[in-house]
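Asks: Just a sequence and a predicted model for now, questions to come.
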Amino acid sequence: METRIKRRQFVQLSVAGGALCLGAAGGALGAAPAASKLISPGCRRSKVQVARIFMGDPGLRAWPKPDLDLDREVGFYHAEFAKLEDELADVDFVVDDLVTSVDQVGPLKETLARADGILVIHLRMGTMPILKEILSVGRPTMVFAAPYSGHEWSGFGALRKEALGAKLGCKLTSDYAQLAAAIRPFRAIHHLREAKILNVTSRAPGPYPAAVREKFGTEIQPIGLERVLDACRAVDDADAKAEAERWIQGAQAVVEPSADEIFRSCKLALAFEKLLDEEDATVMTADCYGTMFEPLCRGYAFPCIGFTRLNDMGLGGMCESDLPSSMTHILFQGLCGRPGFISDPTVDESNNAIILAHCMGTRKMDGPDGPAAPYKLRSIMERQQGAVPQVAMRVGERVTQARLVGVDLLPYFTGEIVDAPDCDRGCRTKITVQLDGDATTLWNNWAHGLHRVTCYGDVTDDLAHFCRFMDIQMVDEAAKMTEPA
């Protein structure tokens, strides 16, 4: 039986774990990095700040029933939240109040304005004025309304079309686990604001870093070659040899890379970890096919094992100084706690499928507390150099692929993994995804470069709320348009 560590256990183990390290090698899959210094996967600075408001008007003694005890209702919900404590261990409820009148909102506004998001739990009818006063703060707001809460739901749709309701999301459900789901978009907003990306490059930064900092708060910091090499030189050879041995022992096979290539790759991997610690950053990317190809990749080692290792830890490693993919990776971690697989796709219309391929695979696509996938150590296919993990991802898994384009567009599609090809064409790690939409529509709509980022699971509902809150257009690239009757 598969055993998974819940978010709360992961946080506790992280605090106890001390420095980032690899655990003891185990089985055919090898050792998995034991993440630490993380509040939750992808975030190491602070907890998510959520204002929790229970909303009910005691004067309207109607739905759900005339004698409803609001304090007892609040107690019921607190008990439901207690069941979700593992998933919400990285959340601070900075407001936790029963609000029964519009006047009570005013004193809370300063705190509400600083929150990552506001979770409003609808208890009783007659509360639309209270909700509108909360929305006037302008923060992302999610309303949770179980059946029989009241008739306000019938106006939520119209309210969302007004300027006041631009940042309103709703969960109308009897599934109380959705209380945790309602917070996921707030977590993604928080992760992006707290994130810091280190970009190993000598290219001029351009306008993109300033744009994402203004919109999301994310910091992108260039880092020079000499600092990376200094960090490599500072890594003890014995530590790098032990790391290399873990990768070799854990692999199903070592095909092309030499022992020295794996050793240098692992020394670079440990240097990446050290640099992220020094800078209090969570994501590393490098211009590995550009300004860093000759001096770093050919001159020392390719970064692929280092990037995979960071992804396994709940941090982030992205190829080719791909900053939009790095941002998408952080977004996925915030929404679901899982890393992204960056890919170069190729389309197969005959099977309504897209093949997603990249030489660098991630072993822990379920997140740092999940199982590790089998892997082989291979060379980079088109370079016939370096050391990369060729990962066998899980067939049958639902996936979401997306890319944050600029600061206001997110193209995406969904599907199911139907194959994990192991052939000598394309990049080393590959998955064939049968599309929910249409392959011909997808390639006709394709724009904004080749790379996309894929995570396990269908996270489109959470993505939709996040995009609404952040004023981002979300477009299904594979959605087949129907002809008018």
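Replies: Yes, it's here. Numbers count the residues shown, from 1 in each chain.
Asks: Ile121 sits in which helix or strand?
Replies: strand 117-122 (DSSP states H and E).
Asks: Neighbouring strands - and their directions - for that strand?
Replies: Sheet pairing for strand 117-122, assigned by DSSP bridges, gives strand 48-55 (parallel), strand 141-145 (parallel).
Asks: so the closest residue to Gln221 other than its chain neighbours, which of the three states?
Replies: Of all residues not flanking Gln221 in the chain, Leu198 sits nearest, at 5.6 Å (Cβ to Cβ, 6 or more residues apart in numbering). Heads up, the C-betas are built off the backbone N, CA and C, glycines and all. Going by DSSP: H, G, I helix; E, B strand; the rest coil, the secondary structure assigned to Leu198 is strand.
Asks: quick one: contacts for the residue nearest to Phe332 when sequence neighbours are not counted?
Replies: With Cβ to Cβ, 6+ apart as the measure, Cys455 is the residue that lies nearest to Phe332, at 4.3 Å, once sequence neighbours are left out. Contacts of Cys455 were listed using Cβ atoms under 8 Å, 6 or more residues apart in numbering, and they are 332, 336, 338-341, 365, 399-400.
Asks: Please repeat the previous calculation with a cut-off of 6 Å.
Replies: With contacts defined as Cβ atoms under 6 Å, 6 or more residues apart in numbering, Cys455 is in contact with 332, 338, 340, 400.
Asks: where's the dip in pLDDT among those?
Replies: Across the contacts of Cys455, no position has a lower pLDDT than Gly340, which has 93.
Asks: can you point me to the longest strand in this protein?
Replies: Once the chain is assigned using DSSP state E, the strand that runs over the most residues is strand 409-419.
Asks: which parts of that strand are buried?
Replies: Under the neighbour-count criterion of 16 or more other Cβ atoms under 10 Å, strand 409-419 has 410-417 buried.
Asks: just checking, what's the longest helix in this structure?
Replies: Within the chain, and with DSSP state H defining each element, the longest helix by residue count is helix 259-279.
Asks: could you check the angle strand 196-200 makes with that one?
Replies: Counting by axes from the mean of the first three to the mean of the last three Cα atoms, to 10 degrees, helix 259-279 lies at 140 degrees to strand 196-200.
Asks: From the contact counts, what lies against helix 259-279?
Replies: helix 225-234, helix 237-250, helix 304-313, strand 385-391 (3 or more Cβ pairs under 6 Å, 6 or more residues apart in numbering; DSSP states H and E).
Asks: ok, back up a step: touching, the residue nearest to Gln221 and Ile223? I think so.
Replies: Yes: with the criterion set as Cβ atoms under 6 Å, Leu198 and Ile223 qualify as a contacting pair; they are 4.9 Å apart.
Asks: With neighbour numbers in mind, choose between the two.
Replies: For Leu198 versus Ile223, neighbours defined as other Cβ atoms under 10 Å are more numerous around Leu198 (25 against 19).
Asks: what's near enough to touch the more buried one?
Replies: In this structure, Leu198 makes contact with 221, 223, 279, 281, 284, judged by Cβ under 6 Å, 6+ apart.
Asks: ok, it to Arg403 distance?
Replies: From Leu198 across to Arg403, the span is 21 Å (Cβ to Cβ, to the nearest Å).
Asks: quick one, phi/psi of Leu192?
Replies: With angles defined as degrees, to the nearest 10, Leu192 sits at phi -60, psi -40.
Asks: That one is in contact with Thr218, isn't it?
Replies: Yes: with contacts defined as Cβ under 6 Å, Leu192 counts as touching Thr218 at a distance of 5.3 Å.
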